[in-house]
Structure formats: C-alpha cells, structure tokens
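K.L.:
A structural model of the following input is requested.
(one chain, ligands or ions: 2)
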Amino acid sequence: MNSLQLDLLNPQQKAAVTCENQHLLVLAGAGSGKTRVLTHRIGWLVAAGLASPYSVLAVTFTNKAAREMKGRIEELLETPSHGLWIGTFHGLAHRLLKAHWQQANLPQNFQVMDSDDQLRLIKRIIAEMNIADDRIQPKQVQWFIGAQKDEGRRAAYVVAGGDWYQETLKAIYSRYEELCQQGGLVDFGELLLRAHELWLNNPELLAHYKSRFTHVLVDEFQDINDIQYAWLRVLTGTELSLTIVGDDDQSIYGWRGAKVENIQGFELDFPNAETIRLEQNYRSSANILNAANAVIANNNGRLGKDLWTDDADGEPIRLYAGFNEQDEARYIADEMKRLIEAGTSPTEIALLYRSNAQSRVLEEALIHMQVPYRIYGGVRFYERMEIRNAVAYLRLILNRQDDASMERIMNVPPRGIGNKTFEALRIMARDQGCSLWQAANLALENNALAKRAANALQAFVDLINSMDSEVLGYDDLGEMINYVNQHSGMIEHHEKEKGEKGRTRVENLNELITAAQSFTSELDYDNNAELLALFISEASLDAGDAQADEFEPSVNLMTLHSAKGLEFEQVFLAGMEENLFPHKMSISDIGGIQEERRLAYVGITRARKALTLTYAESRRLYGNETFNSLSRFVKEIPDGLINEVRLRSTVSRPANFGLQQQMAVDDAGLSIGQRVEHAMFGEGTIVNAEGGGAQTRIHIAFDDGNVRVLMLQYANLQPL
Ligand SMILES: Nc1ncnc2c1ncn2[C@@H]1O[C@H](COP(=O)(O)OP(=O)(O)OP(=O)(O)O)[C@@H](O)[C@H]1O
Ligand SMILES: [Mg+2]
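P.N.:
Ligands and ions are numbered 1, 2, ... in the order given. Here you go, the predicted structure:
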C-alpha cells in the first residue's frame, strides 16, 4: 500500500481513489489529476483487496494512454501488467471479438479495415450499383455508415422514408454490410457494434464477463458515443462497479457521435452514484489556467467547475502576428530552436493546429531550421502507401476473401492487370456473389479473359498461392514480411523510383520488418497464421496513434484533437484566426462554436509552463490568399495575461503595420516572400517590411537561420 503513495494526492483525489461507492463520477477540469486518480484507483482497489488486477477493466482514449496507464499500474503494483484489460474501446472490442469470433459470427481470421479500405469498398459498391458519380460522394456514404454504427443501427433498421438520397444511402450500407461479412472485414465502427451485439446475443458469455470483472473504469468519458455507452451499460448492469472520469468542457468529438449528455445520462442511469469534483489544477501556471478559464466561460450549459492553482503566475502568454503563414512558421521554428538550445527537451515542446493541412508550412520551417519533429496522428507509419500495400499482401495471404486487399495490390507493383480486367472481375464477383479472388480463379478456368490479361492474372494468383506456403512456413514475423517485400516485387519497384521518395518507401518497408520483429502479442496464438493476423490487426489499430518514441527526441506536431489528455512544458498554438480556428465550417452555428471553444480550452490547457499563440495576417491556404482576423478565442483572453511579441525584439511594430508595407517594398521592385541575395549575408527570403520611402526597412530571413532588419536603400539586394 505504501507504493501507492496516497499522500501524494489531495483530499478530493484521495476520496475518489478510495471511494467505496459502487458508482463514481469524477467531474473535473483539465489538469486536475483525473487520469492520475483513475490509475491510482486501480492500484488502490487491488492493494485493498477489493479487486484483482484481472478483474479490472479500464478504458482509455488512445493506445498511447493505455500503454502509459499499464506502465504506471505496473509501477504501482510492482508486478507486470500482462493480461490486464486496459485499452481503448476499439482495442478492447477487438480483443473480445478475437476471443469469441464464433459467437460474434465472424471468421477466425477477420481483419480490421482502415478508413482507406472502407472508402475503396464504398466506391466499388457505388460503381456496382451504377450510381452516377455526381449523385453521391463516397465520403458522405462513409460518414453515414459511421454515424449509423455509432448509434448502433444496422442497415435494416435505417428509416429512409422514400427519399432517393436516403434510400440509396441505406442500400449502399446494406450491400456494404454484406460484402464485409462475406470478406471477414470489420471497420472501426463495426468493432464496437459487434462487441455490443456479442453481449446481447450471448447471455452466457456476458454472464461470464460480468462475473470475471468487478470494476470498470473509463477515462475521458465526455467523448463516449452511444454504442460505447450501451456496451458499457450492458456489461456493468447493476452488478459491477463503474467509475467514470471526465470533463464536459473537453468534449470535442461531437462530430464523431460523442455525446456529452452521456455524463448527465450516467447520473440518471446510476442515481446512487457519488460525484466528486477536483478543483485544483496541477499542470499549468496561473496565467495559462486563467486564460483557459476565461475562454471557456463564454460557453453556456456547462456543468460548472472552478479550477484554481497554487502555481505562480508564470510567463505571460505570448502572441505573435506573422506577416504571412511563412513568417508565422519561421517564428515558431526559431523559438523552438532557441528553447532547445537553452536546454528544453524537444519532447516537451508541442505545436498544435486546427487542421492537418496547416502542418505542411510548419514542417517546412522546422526542416529548414533543423528542428527534429514528428507528426503525432498525421501521416502515420501504418498509413503510408507502401506499408498499406505490404499489409494488404499479408492480409490476402491469410484471407483470399479480403476483396479490399485484393483490389489494392492486384496490380501493385504494376504487373499488367488493367482496368478492364478489374472491371470484369468485379462484375463476375457481383453476379456470382463471390469474392474477387474466386472471380479471378473462375475467369482463369473459363478462359474468360484475353490472353495477356489472363497471363498476368495467373501470375498474380500463383504468386499469392506460393507466398502463402512460404510465408507461413516462417516462425518469425520479420522473416515473413521480408519474404513478402522481396517476392512481391515492391522493394525492386521502389528502388527504381527516382529520388528521395523511392528511398523513403524502401526504408519504410524495411522498418516494417523491424516493427514485426519487435512485436509481441498479449494474446495467445496457436500457429504462424494467427501470429501474423494478430500483428496485422495491431498495425491497423495502431494507425490511430503516433509513431514509437524510439526515434530521436523530437518536437511534437499534432492537431488539437489528438492533443487531448497530453501535456507539454511548451505549447505553441498556430493559426489563431477566424475561419481557421474557429473553423469556418463551425462558425455560423452556435453549437459548432461552442465545440470549437472547448477545443481551444483543450489546447490552452495542454501547456505547463509556457503558451505561445500565433497567427498570420495573410495566409495562403489551398492555393488562395486570405486575410483572416484574429481568432475570437484570443480576444477572450484578458489583456493582462497576454504579451504581444514584437518582430525580432529589436524592431518595434509600427502602428500602420500591414498591407501598406507590402506596397513600399513593391515600389523598390521587391515583394514579400521574394528570394534575394545580399553581398555579405548570402541568400534569404524577404519576410516583412516597415516604414516607407527612404526609411523602408526590410526583414530578411537569411538561409543561415538569422533574420536581419536592413535599410532597403543601403542593402543593395539582388533579386533571385
Ligand atoms: N496531487 C497532485 N500532486 C502533484 N501533481 C499532481 C497531482 N495530481 C495530478 N498531478 C499532476 O498534474 C498533471 C495533470 O494530471 P492528469 O493528467 O491526471 O490530469 P487530467 O485531469 O487527467 O487532465 P486532462 O483533463 O487534460 O486529461 C500531471 O502531470 C499529474 O502528474
Ligand atoms: Mg486525463
């Protein structure tokens, strides 16, 4: 019990950790120790003899959080956490379905489809149904199916009401279900839906788990959706103990079906639940916390929480106005470099933004300044094209009915299987109600294809069949992947590609071997095929998380959504502009604005020591130049907490800063963003200008990493 260090908790936290009530709600703001309480509570339950490590089920929001929690619980309990049921809803559902595939009406080797596979399948159905391209968007269908599943609704129960559009969506959903079932394919939403049905359809199994588990604990409860809540409720019923922790102010997944009302629902469903509020924030300096409190105070309908800190005011929040998005990015990269040189660990620095598309410019500046970075939740390893291809080979080897994989790699690398052959096979598969693989074999048997196409297809079929026997002969996952890399022709193919791109792809394929070698499964397996299937599933689930940490210490880039639950010493929030953040899609809708504001609250409260907000006065995004005004969320922060950073500290910002300066530079035949050469300092880019006429001073970001302010008249710049 000593190792639990209960004395490191404040009285409310302690009360939550040691609460003996059956149902407990911990409702508290950011950084108040909710996650810490959850972890300690598991430790306490075990130490107090109220639970065994194996009778606890804990749900986290990301795989990373699950891993962290497992680690901390191992520390607390001083035993390995192998076998603990700690994971995301998706991860836990997957584990259940793997263990009980028969009861779930799935083939044993069912595969998890990612969003790309899903989209490909939907496109195929749309084509198969002969729906004109402009009448329905595959992405909309994907969204529709996801939304239905989040609410626990199968196609048969969709009420379409005779309207063409709705009826078509329903029909596509229905066909989609059919094809997934046929191919043993399960998308992310399906994992949850099936896991719920698994309870409903198998009372004995449910009873088994009800008696196995004694305590269920859920982090980030505010972002739970209907099907997840339903799954939990069926499991816990009135028998099990349920602890939920959450913060209504951090509910940011409404667009994905999350319902903050589930917190209130919990209080209704479990009327005897005890509610504990935590009010002390341990994460952020007072300035940062006060800024966050001021922003979120503009939302209505909050459950209401006060958050205070013992911490000193700390540094003021910095606000930087970039002249354009390049200048904004350069400032951030510069600052990061400075922080790292002054001793801050790169891993303690985060750069958050509203939309993924913003990252490119930021990345370029970081590369330029040689600041190592990684994108958390961006183009992740398992989502890279070549990795998906390799995984598709593996899947097809395991399961020939996997049409999505077959589609993906039939002609990758190019082997002369053209669109016409694809089309013929699709039609055949539809007419015969069989898989593409079966259609391919049928077509070959019946000589249904032209000679060249038939030869190419035969070679592919033979390749997969021979891979099957070879690959599954290896006991080592790394060897399996290596075999596929070599014999599929992918390595050779990418080696022939010119330049950096091809090289990276080859490196990535090799990295997959490394990933496979270090893979260890928590689940049991009987043979090589099952081992491979476990690896593939893990890879698909992991695509939702960041790369491993074993790389060079790097600063973290991520969207605000991915930042939930995390904390960093230094946080930069880029693109603090109307239309960007709040996003223009949400700007005209009050509910939308409130969700954006919660996102701002999440972003601000990620910072421990320092927060820097930046925006660009003009921005080129998606090819258009726009002039956005400062985000309302910045304006909602009291003036006294913010310090506006002047351009490069040596120069104060003139009152008429802005477009006029662009003119001044234009007069001299130069423009912002232009590349120039200086006799002494070498090449650089004009990032700003101020003053006018003979007094014009221009700011140049030289390639040596310094920004210098020069008098235009004397600088003698050569345009490049
Ligand atoms: N009693 C305490 N004493 C010292 N530090 C604490 C205490 N409670 C929590 N902390 C620290 O405060 C930080 C925030 O804690 P934690 O991440 O658990 O908060 P949270 O409420 O889960 O935040 P979020 O809402 O962002 O998920 C962590 O670094 C944690 O270690
Ligand atoms: Mg937390």
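
K.L.:
From now on I want contacts and neighbour counts done on CA atoms only, so please keep to that.
P.N.:
Noted.

K.L.:
Following the chain onward from the helix-or-strand element of the chain with minimal mean pLDDT, which element is next?
P.N.:
Every helix and strand of the chain was ranked by mean pLDDT, DSSP states H and E. The lowest is helix 659-667, at a mean of 44. Once the chain leaves helix 659-667, the next helix or strand it forms, by DSSP states H and E, is strand 675-678.

K.L.:
Go through that following strand and flag the buried ones.
P.N.:
675-677 (16 or more other CA atoms under 10 Å).

K.L.:
and if you look at stretch 241-252?
P.N.:
Buried residues in stretch 241-252 (16+ other CA under 10 Å): 241-252.

K.L.:
quick one: is it near ligand 1?
P.N.:
No: Stretch 241-252 does not reach ligand 1 (CA under 6 Å from any ligand atom); its nearest approach is 6.5 Å.

K.L.:
just to revisit the earlier point, now pLDDT and distance to Phe572 too, for the buried residues of strand 675-678, in JSON lines please.
P.N.:
Shown next, in JSON lines, are those (pLDDT from 0 to 100; distance: CA to CA, whole Å):
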{"residue": "Arg675", "pLDDT": "86", "distance to Phe572": "27"}
{"residue": "Val676", "pLDDT": "88", "distance to Phe572": "30"}
{"residue": "Glu677", "pLDDT": "88", "distance to Phe572": "31"}
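
K.L.:
strands paired with whatever helix or strand Leu25 lives in, and their directions?
P.N.:
Secondary structure assignment for Leu25, by DSSP H and E: strand 23-28. When sheet partners are counted by DSSP bridges, strand 23-28 sits next to strand 241-246 (parallel), strand 274-278 (parallel).

K.L.:
I'd like these laid out as a markdown table, including distance to Ile637.
P.N.:
Formatted as a markdown table, the strands paired with strand 23-28 follow (distance: least, CA to CA, whole Å):
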| stretch | distance to Ile637 |
| --- | --- |
| strand 241-246 | 24 |
| strand 274-278 | 23 |
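
K.L.:
Export these to CSV and append columns for mean pLDDT.
P.N.:
Below are these laid out as CSV (pLDDT from 0 to 100):
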stretch, mean pLDDT
strand 241-246, 96
strand 274-278, 95
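
K.L.:
I'd like those as a markdown table, with distance to ligand 2 appended.
P.N.:
Listed next are the strands paired with strand 23-28 as a markdown table, based on distance: least, CA to the ion, whole Å:
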| stretch | distance to ligand 2 |
| --- | --- |
| strand 241-246 | 8 |
| strand 274-278 | 12 |
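
K.L.:
Return the residues of the chain in contact with ligand 1.
P.N.:
8-10, 29-36, 282-283, 565.

K.L.:
Please check these and keep the buried ones.
P.N.:
9, 29-35, 282-283, 565.

K.L.:
so what are the domain limits for this protein?
P.N.:
2-101+192-280, 111-183, 317-380+550-644, 381-542, 659-719 (automatic domain parsing).

K.L.:
mean pLDDT lowest for which of these?
P.N.:
In terms of mean pLDDT, the lowest-scoring of the domains of the chain is domain 659-719 (a mean of 73).

K.L.:
So what's the gap between that one and the chain middle?
P.N.:
40 Å (CA atoms, centre = their mean, to the nearest Å).

K.L.:
gap between the residue in the stretch 451-600 of the chain that ligand 1 sits nearest to and Ala600?
P.N.:
Ligand 1 sits closest to Gly565 of the stretch 451-600 of the chain, with a gap of 3.7 Å, by CA to the nearest ligand atom. According to CA to CA, to the nearest Å, Gly565 stands 14 Å off from Ala600.

K.L.:
now do Phe568
P.N.:
16 Å.

K.L.:
so who does whatever residue of the stretch 451-600 of the chain ends up closest to ligand 2 touch?
P.N.:
Minimum separation of the stretch 451-600 of the chain from ligand 2 (CA to the ion) falls at Gly565, amounting to 4.4 Å. Residues in contact with Gly565, defined by CA atoms under 8 Å, 6 or more residues apart in numbering, are Arg606.

K.L.:
Dihedrals phi and psi, it?
P.N.:
phi 80, psi -20 (degrees, to the nearest 10).

K.L.:
go on, Leu191?
P.N.:
Main-chain torsions, Leu191, degrees, to the nearest 10: phi -50, psi -50.

K.L.:
What are the boundaries of the strands in the stretch 301-450 of the chain?
P.N.:
317-324, 349-353, 373-375 (DSSP state E, counting those that start in this stretch).

K.L.:
Quick check: which of these is nearest to Ala365?
P.N.:
strand 373-375 (10.8 Å; CA to CA).

K.L.:
Paired strands for the closest one, with orientation please.
P.N.:
In the sheet, strand 373-375 lines up with strand 555-559 (parallel) (DSSP bridges).

K.L.:
Where does the closest residue to ligand 2 within the stretch 1-150 of the chain fall, secondary structure wise?
P.N.:
As assessed by CA to the ion, ligand 2 sits closest to Thr35 within the stretch 1-150 of the chain, at 4.1 Å. Element membership of Thr35, judged by DSSP H and E, is helix 34-47.

K.L.:
need the helices for the stretch 51-200 of the chain, in chain order.
P.N.:
In the stretch 51-200 of the chain, the helices defined using DSSP state H, counting those that start in this stretch lie at 63-77, 89-99, 115-128, 138-150, 164-183, 188-201.

K.L.:
picking that back up, and the buried ones among the residues of the chain next to ligand 1, which is closest to Ala132?
P.N.:
Nearest member of those to Ala132, counting by CA to CA, is Gly565, at 43.5 Å.

K.L.:
List the buried residues in stretch 470-481.
P.N.:
For stretch 470-481, a neighbour-count test (16+ other CA under 10 Å) marks 471-472, 477-481 as buried.

K.L.:
do stretch 20-31 as well
P.N.:
22-31.

K.L.:
cool, and stretch 565-580?
P.N.:
565, 567-580.

K.L.:
Farthest pair within the buried residues of stretch 470-481?
P.N.:
The distance between the two most remote of the buried residues of stretch 470-481 (CA to CA) is 11.6 Å, for Leu472 and Gly478.

K.L.:
Whichever strand in the chain runs longest - which strands sit beside it in the sheet, and in what orientation?
P.N.:
If you go by DSSP state E, the chain has its longest strand at strand 607-621. Strand partners for strand 607-621, identified by DSSP bridges, are recorded as strand 317-324 (parallel), strand 568-573 (parallel), strand 624-626 (antiparallel).

K.L.:
Adding distance to Arg505, write these out as a markdown table.
P.N.:
Listed next are the strands paired with strand 607-621 as a markdown table, based on distance: least, CA to CA, whole Å:
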| stretch | distance to Arg505 |
| --- | --- |
| strand 317-324 | 33 |
| strand 568-573 | 31 |
| strand 624-626 | 31 |
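
K.L.:
The residue of the stretch 351-500 of the chain found nearest ligand 1 and Glu567: what is the separation?
P.N.:
Proximity of the stretch 351-500 of the chain to ligand 1 (CA to the nearest ligand atom) peaks at Leu352, 14.6 Å away. Separation of Leu352 from Glu567 (CA to CA): 12 Å.
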